[in-house]
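**Student:** sharing a sequence plus its predicted fold:
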Amino acid sequence: MWEAIQSNIRRSRAIVVVMAMLLVVMGALVGGAWIGNLEGALVGAVAALMLWLILLLVSMSGGDQLILMSAGAKRIEKEDAPLLWNVVEEMTIASGLGTMPSVYVIDNDMPNAFATGRKPEKSAVAVTTGLLRRLNRDELQGVVAHEIAHIKNYDIRFLTTATVMVGAIVIIADIFLRSLWYGGGRRRGGGKGEGQAIFLILALVMAILAPLFANMLYYAVSRKREYLADASAARYTRYPPGLASALRKISGSAQGQRKQTKQSTARALAPMYIVNPLQLSARGGSLFSTHPPTEKRIAVLEAMSGGAGWLDYENAFKEVTGKGCLPSSVTRAGAGETVAMREASVEADPKQSAVERARVATDILDRFAGMLLIPCLCGVRIKAPAGARHQSLKCPKCGRSHAIPRAGEQPAESAAEAPKTLTHKRQGTGWDSFECACGRAHQISPAMKSGRITCPRCKRKIEITA
């Protein structure tokens, strides 16, 4: 597999070089069209390279955080979603990644997931709350394994670089076409009219074709990477039907919510997801499709009846499509041994498990929103916004009255001083929430038994006692 990853990296670099050449040629033609001579073409080429370098530096220094911020992803810890966290740990070990990716959750009811990062040592896996609600453990494991495969195969680095390159080409093309709309191409330049006209025609053709060609290169490589990530996920989990079932649920959900999908997904982020939410056709595939047809991916995974190894995936792919997919270094003798497929995980009570998954996803969103969660003896958890004027709330089911949990004030050292330290006694062993004196809600995880926290709003110290 190491040879396959290295081959993957070499092809990625070649694609990036081709895109860079395309960017320089386009910049040169636009510069020549504006100024009207060869000097203008040189200026345009240099300006295009400078634009690419700036965008590349931005993406490599903090591009992953910009992507996560654009998706509305928020980082979680093990106590927030133990099942998700354990699955990420398991797949990190199974893949031999070494460093566990950070785990993020996105407030989106559409089931989906993506991976991002600058390198495997600094990466992240983000899943939507819709994914947490709808997928069982085997399905969740398949999706997480697929995303970790992208990290392991260095796909996330290529995706960041290629996205920047395509973005720079689109920016230059857009600027040039807008300048033509306002007459910039006719008024600028001190060169000969005939030479400028030639540059103008060539630049116009390049401005239309370059973004299409760059996207075709980007998408073609992306489709191959999706197949390799599927094969890797099957091997890591040793249960290909789990990923197949997850892909069916994700694709079916996207098909059923077309309007919501288009409104809630940024076009720049869509190719990063395991199923492109804007490429809603599960059957169709085109030059501009970022992912292979979902039905084909599912069919290949379901055809892996003999095992879960590289050779098993390659044989299944040939059975479905009539041609090979994986590099020869993966499937050659000695590297493509069969991996035995494990049995499916058994849930004691599938309905109760579904209820628990929905509760975990909802609790995460409530904590993100700063809600106070008050457990009642009857099993109901009362939710209240922080800063409410009420001193207590009644349970809507049994009528018990519950005091709003608020941190108490410790005595000040002197009468003239305002108390700077508050105290809160934990209620139970699970998640605990309370309100600071300033009105901000605080969530205490089950792992924290005692200690001190600082309110980010009023900067008071709050002592947590058992």
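**Tutor:** Arrived safely, thanks for sending.

**Student:** look up the closest residue to Leu200, ignoring the ones flanking it.
**Tutor:** Leaving aside its chain neighbours, Leu200 sits nearest to Ala33 (4.3 Å; criterion: CB to CB, 6 or more residues apart in numbering). No exception for glycine: its C-beta is placed from N, CA and C like everyone else's.

**Student:** one more: Leu38?
**Tutor:** Gly32 (7.0 Å).

**Student:** that neighbour sits in which helix or strand?
**Tutor:** In this assignment (DSSP states H and E), Gly32 forms part of helix 2-35.

**Student:** next, the angle helix 2-35 makes with the helix or strand that comes right after that helix.
**Tutor:** Sequence order places helix 38-71 as the next helix or strand after helix 2-35, per DSSP H and E. Between the axes of helix 38-71 and helix 2-35, defined by axes from the mean of the first three to the mean of the last three CA atoms, to 10 degrees, the angle is 130 degrees.

**Student:** could you pull out the buried residues of helix 38-71?
**Tutor:** The neighbour-count check on helix 38-71 (16 or more other CB atoms under 10 Å) flags 40-41, 43-45, 48, 51-52, 55-56, 59, 63-64, 67-68, 71 as buried.

**Student:** try stretch 309-326
**Tutor:** Within stretch 309-326, judged by 16+ other CB under 10 Å, the buried ones are Gly309, Trp310, Leu311, Asp312, Tyr313, Glu314, Asn315, Ala316, Phe317, Val320, Cys325, Leu326.

**Student:** show me what contacts the fifth one?
**Tutor:** This points to Tyr313. Shown in contact with Tyr313 (CB atoms under 8 Å, 6 or more residues apart in numbering): Asp230, Ala231, Ala234, Arg235, Pro240, Val300, Met304, Cys325, Leu326.

**Student:** pretty sure the last one sits in a helix.
**Tutor:** Okay, so that is Leu326. No. Leu326: not assigned to a helix; according to DSSP: H, G, I helix; E, B strand; the rest coil it is coil.

**Student:** which element, helix or strand, includes the closest residue to it other than its chain neighbours?
**Tutor:** Leaving aside its sequence neighbours, Leu326 sits nearest to Glu314 (CB to CB, 6+ apart; 4.9 Å). Using DSSP H and E, Glu314 maps to helix 310-321.

**Student:** repeat that for Phe434.
**Tutor:** Assigned by DSSP H and E, Phe434 falls in strand 432-435.

**Student:** by contact count, what packs against that strand?
**Tutor:** strand 371-375, strand 441-444 (3 or more CB pairs under 8 Å, 6 or more residues apart in numbering; DSSP states H and E).

**Student:** give me the sheet partners of the last one and which way each runs.
**Tutor:** Right, the one you point to is strand 441-444. strand 432-435 (antiparallel) (DSSP bridges).

**Student:** now do the strand holding Phe434: everything it contacts.
**Tutor:** Contacts for strand 432-435 (CB under 8 Å, 6+ apart): 367, 371-374, 386-387, 404-407, 424, 426, 441-444.

**Student:** got the contact list for Gly142?
**Tutor:** By CB under 8 Å, 6+ apart, the neighbours of Gly142 are Ala233, Thr237, Tyr239, Pro240, Gly242, Leu243, Ala244, Ser245, Ala246.

**Student:** 7 Å - rerun?
**Tutor:** By CB atoms under 7 Å, 6 or more residues apart in numbering, Gly142 lies in contact with Ala233, Thr237, Gly242, Leu243, Ala246.

**Student:** show me which pair in those residues is furthest apart.
**Tutor:** Farthest apart among these by CB to CB are Thr237 and Ala246. That separation is 10.5 Å.

**Student:** quick revisit: and which of the contacts of Tyr313 is nearest Ala466?
**Tutor:** The closest of these, once distances to Ala466 are taken by CB to CB, is Arg235, at 45.0 Å.

**Student:** helix or strand with the lowest mean pLDDT in the protein?
**Tutor:** One helix or strand of the chain scores below all others by mean pLDDT, DSSP states H and E: helix 184-187, with a mean of 47.

**Student:** OK, contacts around the residue lying closest to Arg75 once chain neighbours are set aside?
**Tutor:** Closest residue to Arg75 apart from its sequence neighbours, by CB to CB, 6+ apart: Tyr104 at 5.4 Å. By CB under 7 Å, 6+ apart, the contact list for Tyr104 reads Leu68, Ala73, Lys74, Arg75, Ile76, Ala124, Ala126.

**Student:** backbone dihedrals for the fourth one, please?
**Tutor:** Translated: Arg75. Arg75 adopts backbone torsions of phi -70, psi 140, taken as degrees, to the nearest 10.

**Student:** ok, now the last one?
**Tutor:** Dihedral angles phi and psi of Ala126 (degrees, to the nearest 10) take the values phi -120, psi 130.

**Student:** make residue 1 into 28 and carry on from there
**Tutor:** Yes, from this point I'll number from 28; that puts the last item at Ala153.

**Student:** coming back round to it: may I see the buried residues of the helix holding Gly59?
**Tutor:** Those would be 31-32, 35, 39, 42-43, 46-47, 49-62, for helix 29-62 by 16+ other CB under 10 Å.

**Student:** now the strands: where do they sit in the stretch 78-227 of the chain?
**Tutor:** For the stretch 78-227 of the chain, the strands defined by DSSP state E, counting those that start in this stretch cover 100-102, 129-133, 140-146, 149-155.

**Student:** okay, now the sheet partners of the first one, with direction.
**Tutor:** Strands adjacent to strand 100-102 in the sheet, as given by DSSP bridges, are strand 129-133 (antiparallel).

**Student:** now the partner strand: buried residues?
**Tutor:** For strand 129-133, the neighbour count (16+ other CB under 10 Å) marks Ser129, Val130, Tyr131, Val132, Ile133 as buried.

**Student:** same check on stretch 405-419?
**Tutor:** Ile409, Ala411, Ala413.

**Student:** looking at the contacts of Tyr340, which one is closest to Cys425?
**Tutor:** Pro267 (47.3 Å).

**Student:** rewinding a little: pLDDT score for the residue nearest to Leu353?
**Tutor:** You'll see Glu341 listed with a pLDDT of 90.

**Student:** Arg467 versus that one, what's the distance?
**Tutor:** 55 Å (CB to CB, to the nearest Å).

**Student:** can you report how many residues neighbour the residue nearest to Leu328 when sequence neighbours are not counted?
**Tutor:** Nearest non-adjacent residue to Leu328, counting by CB to CB, 6+ apart: Ala271, 3.9 Å away. Neighbour count for Ala271, taken as other CB atoms under 10 Å: 23.

**Student:** contacts for stretch 150-158 next, please.
**Tutor:** Contacts for stretch 150-158 (CB under 7 Å, 6+ apart): 91, 95, 98, 100, 111, 115, 128-144, 170-171, 174-175, 178, 183, 280, 388, 391-392.

**Student:** what about the helix or strand encompassing Arg394, average pLDDT?
**Tutor:** Arg394 is part of helix 377-395, with elements assigned from DSSP H and E. Averaged over helix 377-395, pLDDT sits at 89.
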